[in-house]
Structures are given as structure tokens and as C-alpha cells.
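> I need the structure of the sequence given here:
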Amino acid sequence: MSDPSECSIKVVCRFRPMNAAETAAGSRPISKFPADDTVNIQGKVFTFDRVFKPTTTQEQVYNLAAKAIVKDVLEGYNGTIFAYGQTSSGKTHTMEGVLHDFSQRGIIPRIVDDIFNHIYSMDENLEFHIKVSYFEIYMDKIRDLLDVQKTNLSVHEDKNRVPYVKGATERFVSSPEEVMDTIDEGKNNRHVAVTNMNEHSSRSHSIFLIHVKQENLETEKKLHGKLYLVDLAGSEKVSKTGAEGTVLDEAKNINKSLSALGNVVSALAEGKKAYIPYRDSKMTRILQEALGGNSRTTIIICASPSSYNEFETKSTLMFGQRAKTIKNTVTVNLELTAEEWRKKYEKEKEKNAKLRALLQRYEAEVSKYGLETLDLTDPALLDTQCDAVPVDVLKGILSDKSAVVDNTPAPPTIEAVNNNANVQAVAVSDEEMRKFEEERTQLYLQLDEKDNEISQQSVMVEKLNCQMMEQNELLNQTRRDFETLQMEMNRLQSENDAAKEEVKEVLQALEELAVNYDQKSQEVEEKMKENEQLNDELSQKQTSLRSTEGELQTIKEVQTHQRKRVSEMMVSLLKDLGEIGLTLGTKPADTNIQPGKFSENTSGEVNGKIEEEFTMARLFVSKMKSEVKALATRCQTLETTNIDCNKKMDENEKELGQCRMLIQQHEVKMRSLIESMKDVEHKKRSLEESVDSLNEELAQLHSQEELRVAALRDKEEKHAEKIESTLQMKSTLEKQIESHREAHQKQVARLRDEIEQKQGHIDQLRDQNQKMILEHEKLQSDYEKLKEEEAEKSRKLAELTLQTDRRQQAQADLKGLEETVAKELQTLHNLRKLFVQDLQQRVKRSQNNEDDDTGASAAQKQKISFLENNLDQLTKVHKQLVRDNADLRCELPKLEKRLRATAERVKSLEAALKDAKEGAMRDRKRYQHEVDRIKDAVRQRNMARRGHGGAQVAKPIRPGQPIGAGIRGGGGSPGMSNGPSIRGGSGLSPSREQNPNIMNSPTSPRGDAESSRKLPNVPVALPNRGETGVRMSDAADFKDAMRSSRARKLPTGGPGVPAVQVVPRSTTVKESQ
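Residues are numbered from 1 along each chain as shown. I've put the predicted structure just below:
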């Protein structure tokens, strides 16, 4: 692996065009594209790395969204491209398209062509191996599309904890045509159904995996990359798709897995949660590396531009925005070469030498001071150059050494240990044997305890089965209740339909009322026109009134002038009378009395008449003044009321327009409409009353005007007649006004009664409408409750089903655990026993043949070094086995510790193994014979396997050559190939004939002949596992082989010693079947 680097998930968005169904339904497009990376949905803006309009072609989508990932995969990175969106949004069209149409091809066929085009243009020293697999996730089960018999595959993790689908069919390919044939085969096996929204709706999530491995033949540098091409099934709303039966179950599982994907994306986007729910769904488990892991990921968001799918489109775009914030850590998948492994080995060897020197120093301290005076935490003791050595490991070594020292009478010196190495080796082996026996007894006791626990678990399982039966009965009862509720819901639905019909009738009645209201509004307009005519007449009357007032002013001026003249005449007359009186008063008395009486009588009569006329004139003038003032005030009030009426008319027109708009709205706005109708009626009534008052005032004005005219005309003639005629005219006018008022009041009362009746009818209709609305709301709430109860029961059913599956899985795991524990314990016991016996025999042989040590040849030293390497590798194998057993059985920590101590003791016996030369040669011949025997058995089994189905053969691809090259077979040389070649046939090298279980795989493209020349195969004895042989390169491969052997339930024990072939890392690990 190279150094990791961080990168964000690339999110692009693609909108499909409007389809015929959406256009026919009257939907409208709601998407706007202000820029190439933004989309506007109903005012809300979403930003992505790229946004594709409905007119974008398949080639443009590929070039901008997926083309760059080809180079990343060929450089050793992992890549993932998957399409997400609702059903019928264009995901499958984007990923696959029309496979064999050049212009309508999707991302998958285009990316396959690009991969091979890049390979053919690269350096000729590179060799590629490409294998593909195709599977789907249907009903939450992984189904192999290349082998339909594999219907329930499982997800496992490799040694680097990377998830993969175990058991999926892998096919080696060497051309784009082979890849397309594989895609066609898998596509024919994929689940597709017809829904209301899509005639070819995908009912499963499909995953097409391309695994590319490459090797540089000169530098031996190896890279490999995986490309996941995922076509997710779309989220569905049952009310739109009309799913029923199996299609409905499929939709539930699709929505469940997509919900799990949304939860994972949300948790990663928040960045604060320590737990990411990858295991909630198999799809998220497989895509774990693509979401927050080691992969360059591109998400294609597919959406619909129709307003019918507005909610789903916004949800999809919000998912894309959250996914855009996720960070992945990508690294190059690089395999170390033999030279790099050698450097690493040298480094570990130097560390081991430092550890040995430190151990010898501690042994000297122990022998010098004893265990009681040794302080392991002393900084002086820990101050060494081996800083990388853990202190707890050293403490464990010293504790084991202290146990050996305590069993001896006196602590020996280092010289004594070197001189008596053989004796110590035997004593240590006896002590180990005793400890192993004690450990075995303890393990047997623990196994008995485990058996008791298993029996208790079986009892618990029986109880759980009983509970499960009860739950099944409860489930059946729940289903029956659900059916009754469904019938009740159907009945309520029928009642709801009837209520809807009644509501329609009420709406029709309301529409009739609206029509009546329109008629009333027309009548109001007519009244307004009449009012305008009256206003015109009023203005005319006002002009005539002004002219009358002018004439009245002139009359007043004439009257004042006449009054002055009359007053002057009266003054002169009084003067004359006074003078006459004076003159008469000077006459004799008899004559004075008669004239005086006459003058008094005549003057009294004249003055009385004049005063009466003056008083009548004054009263008439004052009355005229008051009437003129009243007329002026009334004119002003009429002007103000006229302005108010105009304003109110404008307001009424606006309100009438609003009312017409409100009538066309929903049923909910009926209340406000009725209230506005009330307001309009009140205003109409006030207008009518104001019109009536204006009519009355006009009538009064007419009468007053006639009175004034008559009074002005006849004022100078006869005041008495004028007064009588005025009184008669006044009485007649009052009678006319009274009769007109009574008729008008009757008409107003009749109109008000009709309005009250209509208002009562409207109130009744409103009450009925309110009752209908309340009943509808009640039915709606009951329906929602029933729907929630149904969802709750379905959820409980799913939980019960999940619990049942978990119980069954737990039972299977308990059985497998029991068998695995028994086999592993037996294997470990045999392993210890054989190692101890082998070491004892070699030590004895080394004591008998000490004189031959000096004559050792260089070949024998080389063989001893190989044995040392094998012992180191076996030590690593033991450590790995201890870690696996600790994972399976956390209750056995002591076993892990003592096995590590045993591995360290095996290292300390390397000096004794150097003296076992002759024994090693005999063992080598015996082991080689056993290996040949097992190879023969494996060859026969491989031949039998070829007869059943044939094994996959790696097809190496060489860059720099044309696509159509020959297939190399037979015994041709690797260097004679002119293009992509398939290695196989009968021309096997000698080493291949001896090792038939080793194939030319992607990790060993040049065959076993070259790899065997790098480093010879050295056999090492391990405990027997029947007749099965396993080739491995290191502890990790041995661990995988042990797991696969346990999975196949191979027999343990038996005579003979099996062979494990330890080969260099550059060769391929293949398991014998």
C-alpha cells in the first residue's frame, strides 16, 4: 500500500426528459438550470459537481462523470460508480443503456471499452489479468447472475477487513466482447417487473465488479484495482406504482435497503457518530469501501423534472448534497516484490538479533542476582537500543525463565548453559511436556464447561422455539384482525365516497348561491347606476339651488331697500302725524277731541297693520334664512356622502372582484366567502338606506324649493293668501312624503325579510357543510389510524421474521463453534506433540554426531538456514492461529499466552536445530516422498474437478498489441506471445508437472518455472489433516487455508504426516479441493 490520501465523493446529477405519461397527465417541468453545476427546484438551489440537463447525451454523461475513473483503476486505486434515484428516473439507462447501440450505450459498456483501450496503449512490459463478476441483491439476498443456482451468497471480510461476496462466480476475460457477453448473460437473469411508472422496473440492486491486476515484468511491481459498477433499484411510492403481491414485497425490500443507505450517508455526513450502520443492509456492507473507505466514488443522482414527482426529486437531491460531504481515504493497492520482502526480512532479523542480545543480558542478570533482586522496571535495564521490543513480552520471557531457574537447585552461569546446551534442551522439553499436559487437562475441563453451556443453550433454544410458536399464533391472530380491519376500512371508504358525493351536492348548491350572488351583484350595479343618475340630478338641483340662492340674495337686497324706504316713510309719516297732532292739539278743545280720537284710532289701526305685516315679514325672512342654512348644510352633507359613496363603490367593486376569485377557490374558503357576502349585504343595505334618505331629502328640497318660489312670487301681493297657500302646500307635501315613506319602508322591510330568509338558508347550508367537513376529517383520521396500525403490525411481523432468522443463525453458529473448538484443540495438541518429539529426536541425533559438525558442507548450511526460515514462519503461523482462536473463543486467554511463549521457546532452540544435519536430510527425503504422494492425490482430484465444470484459467493481457491476437497453448515460451494470450494447454514445465495444484493466477503470471528458480521449495512437517495438501506463502495464507479446511469439515488425525509446501510470496496460493 502507498501513503493514503483524502478525497471527496464526486456527485453529479442527471435529469431525464418528460415522458409521455407525465405530459398527458398535465404535469409541468419544475427544474431550472442557472449554471452547469446548479439546479433550481421551486426556488431552492442545489449544487453538485456537475448537473446534466434532459438534453444531455450518453457520451457527454460518460465523459464528464465516469471516464476519469478508468485511469485511477489502472493505477491501482479502487473505484465505484453507482446510480441513485426514484423509480423510473433513468438509472438503468444511465448505467447500461442500450448495450449494443453505439450512441445509446451507458456507462458500463463504455467504461469496458475504455479499460481495454488504455491497456493496449500502455507499456509492453506490463501484463494484465482481468476478471469480472456479476450479482444482484434481490429481496435482501445476494444472487449470482452468472450462476442462478447460487441464490443466497454471504458477505465476508478478507485479512485486511475489506468486505467481499464469498462464492460469487469470477470469469477471466481478455476482450471487450467477452465482457459484453458476460453482461448479457447476467442481464437475462436479472429480476424485472412492470409497474404504473415503469414498464421495465428493476426489482433488485445489480453490482458488476471488474477486478484488474497488473505486473511489470521488469520491475516485478504488482498493482490491482477493483471497479464496482452499481445500478440501484429505485425508491417507490406504492400509491404511484400500484405494486401488489410479490412486487409489493420487492418494493418493501428495495425501500428498506435504500433507507439503510441513507442512514449510512447521513452518519458519514455528520462526521460525529462513532458507529456507522454498514451492517444494516447487505448493499451497504458491500459498498462499505465506497462510502468512507478506500475507493474513488462517483454517485450519479437521477431525477425527474416533472411536478408530479416534486417531493421525490427534492429528496433525491438532498441525498446527493449529503453524500457530497463524505470524505474517502484512497491508497494504491500495491503488492511487495521479492526484493522488498527481503529488505523487510532483514530488518526483522536485525530486530530479532537485538532481542536475543537483550535476552542474554537479562539471563546474566538473573543468574547473577537471582529473581528476587531483579527489577524489571529499572530504567537502566530498559535503556537499550531495542526500543521497539515490548516490555510485556520481555516480562513474559523472564517469567518463563524464572520458572525454569526455580526448578533447578542452583542458577547456572552462561558458560554452563553453553557447555550443557543439550541437557538443558531435554530438560526444557520435559517441562514443556508437563505444562502441555496440564494445559490439556484444563482445556478439557473448559470443554466440559462449554458442553454444559451448550446444553443450557439448547434448552434455551427449545424455550425460544416455544415462544416462536406462540408468536406465530399471535401473528396469525394479528393477520385475522388485520383482515377484519381491512374490511372495516373498505366499508369506511365506501361511506367516505358517499360523503364525497354529498359534499359535491353541497358544492353545487354553493355554486348556485354563487350564481345568485352574481345576480345580486348585477342588481347592485344597476342600483349604482341609478345612484349615479340621482347624483346627476342632485348636481342639477344644486345648480338650480345656487341660482335660486342668487335670486334670493337679490330679493333680500330689494327687501332691505324696501324696508329702508318703509322705515323712512314711516318716520316721515310719524313726523307728519306728529306735526298734525301738534297742529291739531293747538285747536279748541271740542274740535281737538274729535280729530284727536280720529288720529289715535287711525294711527293705531295703521300701526297695528304695519306691525303685523312687519312681524309676518320678519318671521318669513327668518324662516327662509333657517331653511337656506339647512339647505346649505344638507348640500354639504350630500357632497360628503356622495364622495363617501364613490369611495365605497370603488371598495365594493374591488371586494366584488375578490369575491369572484374566492368563489372559484377550494371548499375551505367558503367561510370567508360567506362572511364577505355578509359584509357586501350590509353595505348594500346601508347604500339602500342612504339612497332612501337622499330621496327623502330630495323630496324635501323640492317641496321647500316650491315653497320658496311661491313665497317669493306672492310675497308682495297678498301675505295672507301666501301664508294659507304655503300652509296648504306644506300639509300636502308632508302627506306626500309620509305616503312615500310608508311605501318605501314596506319595500325595505320586504327586502330585508327576503335577505333574512336567504341568510338563514345560507346558514343551514354552512352548517351542513361544516358537518360534512367534520365527518370527512373524522373518516380521514380513522383511516390514518388504521394505516398506522397496519404499518405497526407489518413492522412487528418483519421483526418477528428477523428474530426467527437470527435464532436459526445462532443455532447454526453454535453447532459450527462446537465442531470448530473440538477440531482446533485436537490440532493444537497434535502440533505440540509432533514438535516436541521431532525436536527431541534431533537433539539426540546431534549428541551422537557432534564429531561430524566440522565437516558440514555449504549445502547443508544452506538447508539449515532454510529450516530456520521455516521455523520462523511456523512461529508466525502459531501466533496467527492463537489470534484466530482468541477471536473464536474469548474465554481462552491463557492458551494464547502460553502458545506465544511456546513460539518464543522454539526460537531459542534454533542453535540445537543447527546440529541436526543428518536427521534433517533424512526428514527431507521422507517429507519429499510424502509431498509427492499428496501431489499425486491432488492431481487426481483436480482431474476429477475438470471433468465436472472446469476451473477458471487466467488470461493475461499484454499492452502494445492489437486486440485480435492468438491464443498460446502447448509448450510455447512466454516470450513468444504477440498479444493477449491464454496460458494453459499441455505444455507444462517440469516444475508444473510436479506441482499441478499451482496455476498461473493473476498473482503469478509467469508460471511456477520462473518462481521456482527464485527460491527452492522447502517442505516442513505439520500435523496431519487427512490427505489434503495446502500450498501457502506466509501465516496469512496458512490462516485462510485452515479456515477453508474447517469450512469443508476435513477429518483430523490418522497415520502419516501431511505436507505443507512453503513457497515464495511471488507464487500463487491454491487450495486443493
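> mind checking pLDDT for residue 264?
With respect to pLDDT, residue 264 scores 89.
> do residue 506 as well
Note for residue 506: predicted pLDDT of 82.
> the chain should start at 6 in everything you say after this.
With the count now opening at 6, the last piece we talked about shows up as residue 511.
> who touches it in this structure?
770, 773, 774, 777 (Cβ atoms under 8 Å, 6 or more residues apart in numbering). For glycine as for every other residue, the C-beta is placed from the backbone atoms N, C-alpha and C.
> return the residues in contact with the residue lying closest to residue 143 once chain neighbours are set aside.
Leaving out its chain neighbours, the residue that sits closest to residue 143 by Cβ to Cβ, 6 or more residues apart in numbering is residue 209, at 3.9 Å. By Cβ under 8 Å, 6+ apart, the residues touching residue 209 are 141, 142, 143, 144, 148, 195, 196, 238, 255, 259.
> the regular element (helix or strand) spanning the second one pairs with which strands, parallel or anti?
By that I understand residue 142. When secondary structure is defined by DSSP states H and E, residue 142 falls within strand 131-143. Strand 131-143 sits in its sheet next to strand 146-149 (antiparallel), strand 176-178 (antiparallel), strand 210-221 (antiparallel), strand 961-962 (antiparallel), going by DSSP bridges.
> tabulate the ones you listed in a markdown table, adding columns for distance to residue 460, mean neighbour count and mean pLDDT.
Below are the strands paired with strand 131-143 laid out as a markdown table (distance: least, Cβ to Cβ, whole Å; neighbours: other Cβ atoms under 10 Å; pLDDT from 0 to 100):
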| stretch | distance to residue 460 | mean neighbour count | mean pLDDT |
| --- | --- | --- | --- |
| strand 146-149 | 33 | 20 | 90 |
| strand 176-178 | 47 | 19 | 92 |
| strand 210-221 | 42 | 23 | 91 |
| strand 961-962 | 55 | 24 | 69 |
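> out of those, flag the one nearest residue 44.
strand 210-221 (25.5 Å; Cβ to Cβ).
> the strands paired with strand 131-143: which one's closest to residue 64?
Among the strands paired with strand 131-143, the nearest to residue 64 by Cβ to Cβ is strand 210-221 (19.9 Å).
> for the stretch 906-1055 of the chain, give me the ranges with low pLDDT.
908, 911, 916, 918, 920-921, 947-961, 963-1055 (pLDDT under 70).
> switch to 80 and redo it
Low-confidence segments of the stretch 906-1055 of the chain, defined by pLDDT under 80: 906-932, 935-936, 940, 942-1055.
> next one: the stretch 506-655 of the chain
Those would be 564, 567-568, 570-572, 574-644, 646-647, 649-655, if you go by pLDDT under 80 across the stretch 506-655 of the chain.
> what segments of it are helices?
Assignment of helices within the stretch 506-655 of the chain using DSSP state H, counting those that start in this stretch yields the ranges 594-668.
> just the stretch 306-455 of the chain next, same as before
Under DSSP H, counting those that start in this stretch, the stretch 306-455 of the chain gives helices at 315-329, 343-374, 384-387, 396-412, 419-424, 426-590.
> before we move on, back to that, dump the strands paired with strand 131-143 to TSV, plus distance to residue 539.
Shown next, in TSV, are the strands paired with strand 131-143 (distance: least, Cβ to Cβ, whole Å):
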stretch	distance to residue 539
strand 146-149	88
strand 176-178	98
strand 210-221	81
strand 961-962	103
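> nearest to residue 709, out of those?
strand 210-221 (96.8 Å).
> neighbouring strands - and their directions - for whichever helix or strand comes after the closest one?
Per DSSP H and E, the first helix or strand lying C-terminal to strand 210-221 is strand 227-236. Applying DSSP bridges to the sheet, strand 227-236 is found paired with strand 84-90 (parallel), strand 210-221 (antiparallel), strand 339-340 (antiparallel).
> what's the most buried one of the helices of the stretch 306-455 of the chain?
helix 315-329 (a mean of 19; mean count of other Cβ atoms under 10 Å).
> check which helices and strands that helix sits against.
strand 15-20, strand 43-46, strand 49-52, strand 84-90, helix 251-275, strand 301-308 (3 or more Cβ pairs under 8 Å, 6 or more residues apart in numbering; DSSP states H and E).
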